[in-house]
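Novice: need a 3D model of the sequence below.
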Amino acid sequence: MPYFDVAVVGAGIAGCLIAQEITDRSPGTSIAVLDRGAVGGGASRFSAGLHFPRGATERVRRMTSYSQAYYDGLRARRAELPIWPARMYVMAATGHADRLAEVYLPDAGLTRQDRSHLRLGDGLVRVPPDVGLWQGSGCQYADVPALAQALAAGLRPGVVFHEGLTVTSVRPGPSGVTLGLGSGRSLEAGRVVLAPGPWLAADAWSALLAPLRARVKKVVALHLDIRAGVDDPVIVFHDEDAFLLPMRHRGHWLFSYTCTEWDVDPDQLTNGLRADDLDTAHAVLDRYAPGLSKRCTSGRVFCDAYSATGEPEIRTLDPDGRIVFAGAANGSGYRLGPAVAAATGDLLSLPARSAARSDSDH
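Specialist: Down below sits the predicted model:
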């Protein structure tokens, strides 16, 4: 039976960042990353990949700040990675200026703008009379599945990636954890990190995760048939928890809004957009850009894991601390991924990667 110091279950952006963190902190650690599909092919494949500098709680703001610095450093070291900075505008009710100052990081530098509209391709996004407009910095977005694949490519061959292998059981023992595999074989690891994204209900670990009380929520985003320009900004509708994102690498815009359909099964979301998905999205978009609704006729549908606290969960699941869960990032798996990975490294008692620590669980 092959043995690894650490096995990471899940090869999405979170799993790849965790494998990178372990490698950076403790070179020579033997690591296996397992996924029932392909690297970056699960929930990461549907991610909008937006990072913007805000957080609803102090801990999430710390995690956001850490992740922002991490991605800035990553881009500086590897300019070829699919991460692109973007200007940012935020719209919110005029009476919510104090709240914006609380949730956005100070280095976002939000400044009030006196504009009645923003241009989006050949259309307009208007600023309603009761809404304020702020401009800020610290925003970027990524092609998340491509980024996960690039990280994995850089980790090989030191990190072994087992793609197309379902983990069917997780059995802790006196000297390690045995993972049963769908191939009929087994793998043993000293520690196991579960980063399954929205697959919380998998038979292999559903009982282990039950105390977390995490749930799975549907996530919907529409594609606007409008070409995104090089200098187009991200437009955040703060009160609606929605945004418009210029996806230059795909040649169109994306409109993400908050869907409230809970307890969905990721393996059953195969029917694509429904009429009510379009209706709900159009109702939000029509407040700001009624002329754009007719350009939203397609999109993406998937789901993500959400915690009971609104903050990511990074914790041990067994008395010996051999099994760690890292996830339930509430739709912010990319944005908070580096801080989740750093907190996982802390929980595994690995040496700090550098003087900069995540401070995400303190």
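Novice: would you list every one of the strands in the stretch 201-350 of the chain?
Specialist: With strands called from DSSP state E, counting those that start in this stretch, the stretch 201-350 of the chain shows them at 215-224, 234-237, 242-247, 252-257, 296-306, 313-316, 323-327.
Novice: what residues sit buried inside the fifth one?
Specialist: This points to strand 296-306. Of all the residues in strand 296-306, those buried under the rule 16 or more other CB atoms under 10 Å are 296, 299-306. C-beta coordinates here come from the backbone N, C-alpha and C atoms, glycine included.
Novice: so which of the strands of the stretch 201-350 of the chain comes closest to residue 173?
Specialist: strand 323-327 (11.3 Å; CB to CB).
Novice: what angle separates the closest one from strand 296-306?
Specialist: 150 degrees (axes from the mean of the first three to the mean of the last three CA atoms, to 10 degrees).
Novice: C-alpha coordinates for strand 323-327, CSV please?
Specialist: The C-alpha atoms that make up strand 323-327 are tabulated as CSV, following Å, rounded to 0.1, in the frame of the first residue of the first chain:
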residue,chain,number,x,y,z
ILE,A,323,-8.0,14.3,9.5
VAL,A,324,-8.5,18.0,8.7
PHE,A,325,-11.4,19.7,6.9
ALA,A,326,-10.7,22.8,4.9
GLY,A,327,-13.5,24.5,3.0
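Novice: return the most buried member of the strands of the stretch 201-350 of the chain.
Specialist: Of all the strands of the stretch 201-350 of the chain, strand 323-327 carries the top mean neighbour count, a mean of 25, counting by mean count of other CB atoms under 10 Å.
Novice: sheet-wise, list the partners of that strand with their directions.
Specialist: strand 186-194 (parallel), strand 313-316 (antiparallel) (DSSP bridges).
Novice: average model confidence for the first one?
Specialist: Along strand 186-194, the predicted confidence averages to a pLDDT of 97.
Novice: how far out from the middle of the chain is it?
Specialist: 24 Å (CA atoms, centre = their mean, to the nearest Å).
Novice: what sits up against it?
Specialist: Strand 186-194 is contacted by residues 1-10, 15, 18, 32, 34, 162, 170, 175-181, 205, 208-209, 317, 322-327, 344, 348 when judged by CB atoms under 8 Å, 6 or more residues apart in numbering.
Novice: now residue 245: closest residue in space, sequence neighbours ignored.
Specialist: With sequence-adjacent residues excluded and distances taken as CB to CB, 6 or more residues apart in numbering, residue 245 is closest to residue 254, at 4.6 Å.
Novice: what residues are bridge-paired with the one you found?
Specialist: Bridge pairing for residue 254 - DSSP bridges - gives residue 223, residue 245.
Novice: tell me how far it lies from residue 223.
Specialist: Distance of residue 254 to residue 223, computed by CB to CB, to the nearest Å: 6 Å.
Novice: mutual contacts of the two, please.
Specialist: Common neighbours of residue 254 and residue 223, using CB under 8 Å, 6+ apart, are residue 299.
Novice: can you report how many residues lie near residue 308?
Specialist: 11 (other CB atoms under 10 Å).
Novice: that one and residue 215, how far apart?
Specialist: 8 Å.
Novice: residue 86 too?
Specialist: Distance from residue 86 to residue 215, counting by CB to CB: 31 Å.
Novice: picking up where we left off before, any chance of the strands paired with strand 323-327 in JSON lines, plus distance to residue 156?
Specialist: Formatted as JSON lines, the strands paired with strand 323-327 follow (distance: least, CB to CB, whole Å):
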{"stretch": "strand 186-194", "distance to residue 156": "17"}
{"stretch": "strand 313-316", "distance to residue 156": "25"}
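Novice: so which of those gets nearest residue 70?
Specialist: Of the strands paired with strand 323-327, nearest to residue 70 by CB to CB is strand 313-316, at 15.6 Å.
Novice: contact partners of the closest one?
Specialist: Contacts of strand 313-316 (CB under 8 Å, 6+ apart): 212, 214, 307, 322-328, 340, 343-344, 347, 360-361.
Novice: buried residues, the top helix by length along the chain. List them.
Specialist: Assignment by DSSP state H gives helix 58-77 as the longest helix of the chain. Neighbour-count burial for helix 58-77 flags 59-68, 70-71, 74-75 (criterion: 16+ other CB under 10 Å).
Novice: same question for stretch 182-193.
Specialist: Result for stretch 182-193 [16+ other CB under 10 Å]: buried residues 187-193.
Novice: now stretch 272-284
Specialist: Within stretch 272-284, the residues that qualify as buried are 273, 277-278, 280-282, 284, counting by 16+ other CB under 10 Å.
Novice: same check on stretch 167-174?
Specialist: 167-168, 170, 172.
Novice: I'd like the buried residues of stretch 272-284 as JSON lines, with distance to residue 197 and pLDDT appended.
Specialist: Listed next are those as JSON lines, based on distance: CB to CB, whole Å; pLDDT from 0 to 100:
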{"residue": "273", "distance to residue 197": "21", "pLDDT": "93"}
{"residue": "277", "distance to residue 197": "21", "pLDDT": "92"}
{"residue": "278", "distance to residue 197": "25", "pLDDT": "92"}
{"residue": "280", "distance to residue 197": "24", "pLDDT": "92"}
{"residue": "281", "distance to residue 197": "23", "pLDDT": "92"}
{"residue": "282", "distance to residue 197": "28", "pLDDT": "91"}
{"residue": "284", "distance to residue 197": "26", "pLDDT": "91"}
